[in-house]
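S.K.: sequence plus predicted model, see below.
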Amino acid sequence: MPPSDNYESVATSAEPEIASFDDTGKGLVGRFHHALHTTPALVPLIVLLAAITIFGLLLGSKFFSPFALTLILQQVQIVGIVAAAQSLVILTAGIDLSVGAIAVISSVVMGQFTFRYGLPVEISVICGLLCGTAIGYANGWLIAVMKLPPFIVTLGMWQIVLAANFLYSANETIRSQDIEDNAPLLQVLGAKVNVGGAVFTVGVIFLICLVLVLAYVLRHTAWGRHVYAVGDDPEAAELSGVDVRRTLISVYALAGLICAFAGWALIGRIGSVSPTSGQLLNIESITAVVIGGISLFGGRGSILGTFFGALIVGVFTLGLRLLGADAQWTFLLIGALIIAAVAVDQWIRKVAA
């Protein structure tokens, strides 16, 4: 037999043995780690189901009623929308500390353009959405083109937008009754839809649609793959043909637009246009993202995980409230979940390396 034939036969017979060795060597822990690595939303989903089960056993029908379960969705709709924007940014290994301020100033622009300048409410809403997009674009340009750190840029932008918000609005609140009488479109995302005892709002429906659309875009489009690539290794992404600057700018601009929608939903949620609303949206959005399994180092995670993370916070908040527990227990448990989520992310990265 010629030497080349002998080499081919040996190589062919060796391949299945190597494959079988790898499969059996993984073990239970290895397979579990592989599942976590390929499905980042798995951990928050497990935690969410466990929390629902525990509070359901403790509270019974009081917690499992359609009203209570949909109330959780209503409570987390604003945080969920802002967290979706934050997720896009963190996937690129960045962070946006201005998301809450963008949401609030967008809502203020919608209200002031309608009541101060007398513009049609449809035009005012569009102006508010464009305002949020422009601020996000400015963040992206400073980070992608000027090469400034995302933390510093968005921290500065948060201060600028927050100050501009109070200066422009003169710290005045547009009352709910005035909006109902003259510009009901501003409150449309707070309109309620009753389905068999479950009460949804248009804002909740928007949140669910937003999560599904972003999940599809990130998973099945070139732009989504570019987002992950930039977060994983921007230099390697650049060498492989990804326009890193354009991707970063588009991510921050889209995040600004999504935050503007959150500002619109905020009007529907609280009924009024208040420059002092949404003070904790920055922290709450990052909390939902981290608990949802998106890595703060970028390049790993899913938007569905963020949605589950927001729901986990809502479940703990409502469940403990129904149990009559002190509100501080909610902060304690959420803080523990944040640390645990980061620890799990580090473990997954360490084992994968």
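M.R.: Structure received.
S.K.: all contacts plus neighbour counts: C-alpha atoms, from now on.
M.R.: Noted.
S.K.: ranges for the strands of this structure?
M.R.: With DSSP state E as the criterion, the chain has strands at 192-195, 198-201.
S.K.: in its sheet, what does the last one sit against?
M.R.: In other words, strand 198-201. According to DSSP bridges, strand 198-201 forms sheet pairs with strand 192-195 (antiparallel).
S.K.: any buried residues in the partner strand, and which?
M.R.: Under the neighbour-count criterion of 16 or more other Cα atoms under 10 Å, strand 192-195 has nothing buried.
S.K.: how far is that strand from where the chain is centred?
M.R.: 25 Å (Cα atoms, centre = their mean, to the nearest Å).
S.K.: adjust the sequence numbering to begin at 57 for everything that follows.
M.R.: Sure thing, new numbering starts at 57, so read that last one as strand 248-251.
S.K.: any idea of the mean pLDDT in that strand?
M.R.: The pLDDT scores in strand 248-251 average 86.
S.K.: who touches that strand?
M.R.: 255-258 (Cα atoms under 8 Å, 6 or more residues apart in numbering).
S.K.: kindly indicate the member of the residues you listed with the most neighbours.
M.R.: Using other Cα atoms under 10 Å as the neighbour test, the contacts of strand 248-251 are led by Thr257, with 23 neighbours.
S.K.: now do the contacts for that one.
M.R.: Applying Cα under 8 Å, 6+ apart, the residues near Thr257 are 130, 245-249.
S.K.: now distance to Ile342 too, for the residues you listed, in CSV please.
M.R.: What follows is the contacts of Thr257, written out as CSV (distance: Cα to Cα, whole Å):
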residue, distance to Ile342
Gln130, 19
Leu245, 23
Gly246, 24
Ala247, 27
Lys248, 28
Val249, 29
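S.K.: in the stretch 257-406 of the chain, where is pLDDT below threshold?
M.R.: Low-confidence regions of the stretch 257-406 of the chain, defined by pLDDT under 70, span residues 405-406.
S.K.: let's see 50
M.R.: Counting by pLDDT under 50, the stretch 257-406 of the chain contains no low-confidence residues.
S.K.: show me the helices in it, by range?
M.R.: When assigned using DSSP state H, counting those that start in this stretch, the helices of the stretch 257-406 of the chain occupy the ranges 258-276, 278-288, 290-295, 300-326, 337-347, 359-378, 383-408.
S.K.: great, nothing more from me.
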